[in-house]
Every structure is written in structure tokens, then in C-alpha cells.
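**Student:** No sequence on hand, only this structure:
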């Protein structure tokens, strides 16, 4: 069983930045594809970003491309989501997820483990 713990959420004004972190309780962190998803009130969970095991491949939703950056530090069992130029529509609970397969996927059902989520609120 892998436990994922997110941190770094909060309240920020539009145009501001936040960095989310997600730390995994596993010694095998480096084999996992890691992803970030978000869910706004009344909406379905949606893909935000994903990164392969080495950090060499990253994928983004069109809505965050150019503003968000996903990265990972396998020595620290941590994946990050740097969020810049935040907009009110970025307001959501952000979840990190781990996937044991080797191919990066944007489909939430493919991920094996999930964190509890961290709230991000962007005020206008």
C-alpha cells in the first residue's frame, strides 16, 4: 500500500503562484508514474499533469499548459506541481496519484493510489 500526502494548497490572488508537493510512503517511488488531478465543486475530476518515472516526459492539460510545471525528486519520494499565473477557474481540490504502469496516462481510473487532496482557492 502506498500513501500519498499532498501539501502546499491555500488561498492566492489571481496571477499568483503556489507550489504543491506530494510525498509518497514507498521505497519504490521511482517506478511510479505520478499525476496531478483536480476537482472543482459540482464538476468531475480532471487531469492536470503527469510525469514519467525519470521525469523525462511530462504531460499537461491544455488549460494549464505554459502555466503549470510538474517535476519530481525521486531521492525525496516527492512530486511537485508549480502553478503560476493562477486563475479563479483553477480553484479546486488538487489530488496527486501514483500509477504502477510504465506508460503515462491522463485517465484517472488507471491510477492505483491517491492522496487525500489539498484545496487551492484563487480569488479574483
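**Tutor:** Arrived safely, thanks for sending. Computed from a prediction, not measured in an experiment: that's the story for all the values here.
**Student:** Could you check how far the closest residue to residue 106 other than its chain neighbours is from residue 89?
**Tutor:** Distances taken as CB to CB, 6 or more residues apart in numbering place residue 47 nearest to residue 106, at 4.2 Å, with adjacent residues excluded. The way it works is simple: take the backbone N, C-alpha and C, and place the C-beta from them, glycine included. Distance check for residue 47 against residue 89: by CB to CB, to the nearest Å, it reads 15 Å.
**Student:** And residue 81, by the same measure?
**Tutor:** Distance from residue 81 to residue 89, by CB to CB: 16 Å.
**Student:** between the two, who's got more neighbours?
**Tutor:** Legend: neighbour count by other CB atoms under 10 Å for residue 81 and residue 89, higher for residue 81 (27 against 11).
**Student:** Am I right that the more buried one sits in a strand?
**Tutor:** Yes - checked against DSSP: H, G, I helix; E, B strand; the rest coil, residue 81 lies within a strand.
**Student:** That one and residue 27: what is the separation?
**Tutor:** In terms of CB to CB, residue 81 sits 23 Å off from residue 27.
**Student:** what's across from the residue most central in space within the chain in the sheet?
**Tutor:** The residue lying closest to the centre of the chain (CA atoms, centre = their mean) is residue 36, at 2.3 Å. On the basis of DSSP bridges, residue 36 is bridged to residue 49, residue 96.
**Student:** Wait, it touches residue 80, no?
**Tutor:** No - assessed by CB atoms under 8 Å, residue 36 is found out of contact with residue 80, at 9.3 Å.
**Student:** Tell me the residues that contact both of the two, please.
**Tutor:** 20, 22, 70 (CB atoms under 8 Å, 6 or more residues apart in numbering).
**Student:** got a markdown table for the residues you listed, with secondary structure, pLDDT and distance to residue 63 too?
**Tutor:** Below are the shared contacts of residue 36 and residue 80 laid out as a markdown table (DSSP: H, G, I helix; E, B strand; the rest coil; pLDDT from 0 to 100; distance: CB to CB, whole Å):
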| residue | secondary structure | pLDDT | distance to residue 63 |
| --- | --- | --- | --- |
| 20 | strand | 98 | 16 |
| 22 | strand | 97 | 20 |
| 70 | strand | 98 | 14 |
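**Student:** For stretch 79-96, buried residues please.
**Tutor:** 79, 80, 81, 83, 86, 90, 91, 92, 93, 94, 95, 96 (16 or more other CB atoms under 10 Å).
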